[in-house]
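*Asks:* following is a predicted model, sequence given first.
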Amino acid sequence: MTKIGELCERDVVVTGPETIVADAAKLMRTRHVGCVVVVDRREAGLPLPQGIVTDRDLVVEIMALGLDASVMAVGDIMSQELVTVHADADPHQAMRLMRAKGLRRLPVVTANGGLIGLVAFDDLLEFVTGELSDLTRAVGREQAREAAARR
């Protein structure tokens with residue numbers, strides 16, 4: 001059975017809570033990502049996620065309000081309730097969690113809470129599409145088997 005730890009993106013863009021919002025935005029642009037995970041310290045060599053800041057946060061919390069992104073820290077606008085998913089969770093658990101919390105991204109963590117990846121809506125959509133494709137192929141094989149048996 002597939003686990004979230006197998007599906008997630010392992011190259012997560014991280015930053016500290018003191019990072020200036022404008023710098024985080026530049027980092028997101030440079031790395032071509034829609035979010036940064038805010039980390040504060042390490043546990044067993046892995047960063048501990050504290051929050052997440054998305055491109056939408058930048059628009060809604062900073063730009064739309066006319067605030068100065070060069071003087072605010074990401075720790076000031078990061079999500080207050082960080083929702084994570086364990087690496088051993090199955091994709092359906094992650095989908096249910098995303099749906100229940102209204103999220104498009106989940107940091108993937110170890111049992112100790114160390115960050116090992118990020119799973120996004122797109123990753124899960126790709127997984128589900130693959131599952132549906134497998135089912136479609138099964139139907140086609142069944143039809144071919146039945147046709148061959150009738151000859």
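*Replies:* Cool, the structure landed. Numbers count the residues shown, from 1 in each chain.

*Asks:* who's in contact with the nearest residue to L82 once chain neighbours are set aside?
*Replies:* Across the structure, with CB to CB, 6 or more residues apart in numbering as the measure, the residue nearest L82 apart from its sequence neighbours is G51 (5.3 Å). C-beta here means a position set from N, CA and C on the backbone, and glycine is covered the same way. By CB atoms under 8 Å, 6 or more residues apart in numbering, G51 lies in contact with 17, 37-38, 74-75, 78-80, 82.

*Asks:* now swap in L82 and tell me
*Replies:* When the contact criterion is CB under 8 Å, 6+ apart, the partners of L82 are 49-52, 107.

*Asks:* related to what we said a few turns ago, pLDDT-wise, what's the bottom of the contacts of G51?
*Replies:* Between the contacts of G51, the one the model trusts least by pLDDT is Q80, at 78.

*Asks:* how close does that residue get to T136?
*Replies:* For Q80, the distance to T136 (CB to CB, to the nearest Å) stands at 42 Å.

*Asks:* mind putting the contacts of L82 into TSV with distance to V13, pLDDT and secondary structure?
*Replies:* Shown next, in TSV, are those (distance: CB to CB, whole Å; pLDDT from 0 to 100; DSSP: H, G, I helix; E, B strand; the rest coil):
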residue	distance to V13	pLDDT	secondary structure
P49	12	95	strand
Q50	15	95	strand
G51	13	96	strand
I52	11	97	strand
P107	12	97	strand
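
*Asks:* scan those and report the most crowded one.
*Replies:* Scoring the contacts of L82 on neighbours with other CB atoms under 10 Å, the highest-scoring entry is P107 at 27 neighbours.

*Asks:* which residues does that residue bridge with?
*Replies:* Beta-bridge pairing for P107 (DSSP bridges): L118.

*Asks:* and stretch 5-17, C-alpha only, in CSV?
*Replies:* What follows is stretch 5-17 as a C-alpha-only set of coordinates in CSV (Å, rounded to 0.1, in the frame of the first residue of the first chain):
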residue,chain,number,x,y,z
GLY,A,5,6.0,9.5,2.6
GLU,A,6,6.4,7.9,-0.9
LEU,A,7,4.3,10.5,-2.7
CYS,A,8,5.5,13.7,-1.1
GLU,A,9,8.0,16.2,-2.4
ARG,A,10,11.2,15.8,-0.4
ASP,A,11,12.8,19.0,-1.5
VAL,A,12,10.8,21.3,0.7
VAL,A,13,11.6,25.1,0.8
VAL,A,14,11.9,26.1,4.4
THR,A,15,12.7,29.3,6.2
GLY,A,16,12.8,30.6,9.8
PRO,A,17,10.0,32.6,11.5
